[in-house]
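Asker: requesting a structural model of the entry that follows:
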Amino acid sequence: MSINKYFAFPVVFIAHLFFVVYSPNLFAQPQGHERVVAPSAGKPESEGAKIISGFKFKPLNFVPPKVDRVVLENGMILYLLEDHDLPIFGITARIRTGAVYEPQEKAGLASLTGHVMRSGGTVSMPADKMNEELEFMAASVETSIERESGSASLSTLKKDIDKGLKIFADVLMNPAFPEDKIRMRKDEVIESIRRENDNPTHIAHREFRRIMYDSKHPYSRKVEGTLETIEKITRDDMVAFHKKFYHPNNFILGISGDFNKDEIIKKLNTVFAEWKKEDNKFPEVPKVERHFEKSVYYVYKDINQSNVIMGHLGINRKSPDYFPVMIMNFILGGGSFTARIPGRIRSDEGLAYSAFSAFQTSRDIGMFFVTCQTKLESTNRAISIALEEIDKIRKAPIEKEELAQAKETFMNQYVFRFTTSASIVGQKVDIEYEELPLNYLETYLDNVKAVTQEDIQRVAREYLHPDKIKILVVGNKEKFDKPLDNFGKVSIIELK
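Answerer: The predicted structure is shown next:
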């Protein structure tokens, strides 16, 4: 399904012209009313901007394509969108499982299970035979389990749908978990863990998660596990984990490509005929306790740059303030080089190539963080700038033009989320999985348009706490411009 099915050529041309001539303001075309494009507030107007500033065009009238939702008798939820442009077929699936449900003493169990489901083959088809079959068809079947969900996918040609579905279903229902493949994967994970401390960015994000969440909460640990926990995981643990979570009423499938809806439903009922609905009994996951306390952490690493990450708890994915928070963060540090934090740290003072802020949302409370890499001699300065900008957006109302640019970027990026049938059904699957309103895509633009200047300042005051922030720096303090204790008492984290 090509983008031209949904957008007239002139609109695409104008969007492309904006990208080429007026970057980094991206696709700054208006959405809801006719207007003249204005340059960024406080910045000189470029020659390209002067040309474009004379353009006037009508708002883009876009309606997301309709996707069929079907629930099979076994409880499996399907989202289907036919696309006959190319003879290809694909499935993307999400499974209600995740590392949050594994025992702390066996951290890494979910990830290991998700990997060996595919790499270990099935009861009826060894891994080598499966790889050979898929390679011959130019097809792929993949599985994995992350922190809060599992995933599976199938990609094949139309002529091989029957064979592809059979292998796909077999992997999901009947993984073999052979001991040799389990050992192989364990060795790969262990080697990866042993090398973690070679990468300062990995160190920073790993340790920041540990200081952000209580040590007993699954959000505090790495999905891959540790050297100690990996070796405690047995084949029986993996079989039991799979059996507990892998049943049809725990699956949401997004199906796209060259197929017939009625025919594919029949095929799915056939390949999953022996898979019966079961009660969903999920282990209890402790709630994240909202707690803010200023603290500073330091990890010694003999490198020529500091890796800085700072932040605190944020919001969950279903927060009623999700849209104002996302737009506020876009202005603060999420909006590429035009945002405030990267604008000052990168563009104005040249302290870092990359600096940004983000709200990482989860089913429970996620994290707000700012991160950058800067030379050792500007560590203190970069941290200070970030804290200043966080404080500023809380205290002073944003400019009208700044909000308009952020909202327009959100709206223009939105339409390019529908360029393929696979991306469309994938979004539908995610929406269902996250238990968001099923009309989420249809109301997305209205939710963006509804955000006001007052909303931005309200959520900034509610969800940003520069006086109670956690700061973590990986680097060599002997070369810092100023001591880290300028920001508070420093706790040293020793690397194993």
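
Asker: tell me the secondary structure at residue 312.
Answerer: Following DSSP: H, G, I helix; E, B strand; the rest coil, residue 312 is assigned to strand.

Asker: contacting residues around residue 150?
Answerer: Contacts here follow Cβ atoms under 8 Å, 6 or more residues apart in numbering; on that basis residue 150 touches 94, 95, 96, 97, 98, 110, 114, 143, 144, 245, 246. For the C-beta atoms, the positions are set from N, CA and C on the backbone; glycine is no exception.

Asker: and the pLDDT at the third one?
Answerer: pLDDT for residue 96: 97.

Asker: OK, contacts around it?
Answerer: Taking Cβ under 8 Å, 6+ apart, we find residue 96 in contact with 149, 150, 245, 250, 280, 282, 433.

Asker: now, which of those residues sits nearest residue 212?
Answerer: The shortest separation between residue 212 and any of the contacts of residue 96 is 20.5 Å, and it belongs to residue 149 (by Cβ to Cβ).

Asker: from what I see, the closest one and residue 93 are in contact.
Answerer: No - counting by Cβ atoms under 8 Å, residue 149 does not reach residue 93; the two are 9.9 Å apart.

Asker: may I have stretch 221-229 exported as CSV, CA atoms only?
Answerer: Output of stretch 221-229 as CSV, limited to C-alpha atoms (Å, rounded to 0.1, in the frame of the first residue of the first chain):
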residue,chain,number,x,y,z
ARG,A,221,16.7,-4.7,36.0
LYS,A,222,18.0,-5.5,32.5
VAL,A,223,15.8,-7.6,30.3
GLU,A,224,18.8,-9.8,29.4
GLY,A,225,19.4,-10.7,33.1
THR,A,226,22.8,-10.9,34.8
LEU,A,227,25.7,-13.4,34.8
GLU,A,228,24.3,-15.0,38.0
THR,A,229,20.6,-15.2,37.0
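
Asker: for that stretch, buried residues please.
Answerer: Of the residues in stretch 221-229, those buried under the neighbour-count criterion (16 or more other Cβ atoms under 10 Å) are 221, 222, 223, 224, 225, 226, 229.

Asker: average pLDDT for that stretch?
Answerer: Stretch 221-229 comes out with an average pLDDT of 96.

Asker: contacting residues around that stretch?
Answerer: The set of residues that contact stretch 221-229 without belonging to it, under Cβ under 8 Å, 6+ apart, is 99, 104-112, 146-147, 189-190, 192-194, 206, 209-210, 230, 233.

Asker: in JSON lines, list the contacts of residue 150 along with secondary structure.
Answerer: Written out in JSON lines, the entries for those read as follows (three-state DSSP):
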{"residue": "94", "secondary structure": "strand"}
{"residue": "95", "secondary structure": "strand"}
{"residue": "96", "secondary structure": "coil"}
{"residue": "97", "secondary structure": "coil"}
{"residue": "98", "secondary structure": "coil"}
{"residue": "110", "secondary structure": "helix"}
{"residue": "114", "secondary structure": "helix"}
{"residue": "143", "secondary structure": "strand"}
{"residue": "144", "secondary structure": "strand"}
{"residue": "245", "secondary structure": "helix"}
{"residue": "246", "secondary structure": "coil"}
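
Asker: closest one of these to residue 269?
Answerer: Comparing every one of the contacts of residue 150 with residue 269 (Cβ to Cβ), the shortest separation belongs to residue 246, at 17.9 Å.

Asker: report the buried members of the contacts of stretch 221-229.
Answerer: If you count burial by 16+ other Cβ under 10 Å, the buried members of those come out as 99, 106-112, 146-147, 189-190, 193, 209-210, 230, 233.

Asker: take those and keep only those in helices.
Answerer: Where the buried ones among the contacts of stretch 221-229 overlap with helices, as defined by DSSP state H, the overlap consists of 109, 110, 111, 112, 189, 190, 193, 209, 210, 230.

Asker: quick one: low-confidence parts of the protein?
Answerer: Using pLDDT under 70 as the threshold, the predicted model of the chain has low-confidence ranges 1-46, 49-50, 52-53, 57-61.

Asker: which parts of it are strands?
Answerer: Counting by DSSP state E, the chain forms strands over residues 68-71, 77-82, 88-95, 140-145, 150-157, 251-257, 295-300, 305-313, 355-360, 367-375, 470-475, 490-492, given from the N-terminal end onward.

Asker: how far is the first one from where the chain is centred?
Answerer: What that stands for is strand 68-71. Between the centre of strand 68-71 and the centre of its chain there are 25 Å (Cα atoms, centre = their mean, to the nearest Å).

Asker: just checking, what packs against it?
Answerer: Applying 3 or more Cβ pairs under 8 Å, 6 or more residues apart in numbering; DSSP states H and E, one finds that strand 68-71 makes contact with strand 77-82.

Asker: helices - which of the contacts of residue 96 land there?
Answerer: With helices taken from DSSP H, the overlap with the contacts of residue 96 comprises 245, 433.

Asker: which of the contacts of residue 96 are buried?
Answerer: Among the contacts of residue 96, those that count as buried by neighbour count (16+ other Cβ under 10 Å) are 149, 150, 245, 250, 433.

Asker: most centrally placed residue in this structure?
Answerer: residue 360 (7.8 Å; Cα atoms, centre = their mean).

Asker: residues contacting that one?
Answerer: Contact partners of residue 360, counting by Cβ under 8 Å, 6+ apart, are 314, 366, 367, 368, 369.

Asker: repeat that for 6 Å
Answerer: Residues near residue 360 by Cβ atoms under 6 Å, 6 or more residues apart in numbering: 366, 367.

Asker: I'd like the distance between it and residue 67.
Answerer: For residue 360, the distance to residue 67 under the criterion Cβ to Cβ, to the nearest Å works out to 27 Å.

Asker: how about residue 102?
Answerer: With the distance defined as Cβ to Cβ, residue 102 ends up 33 Å from residue 67.

Asker: likewise for residue 278?
Answerer: With distances taken as Cβ to Cβ, residue 278 is found 27 Å from residue 67.

Asker: just the buried residues of stretch 374-394, please?
Answerer: When burial is assessed from 16+ other Cβ under 10 Å, stretch 374-394 yields the following buried residues: 374-376, 378-383, 385-387, 389-390, 393-394.
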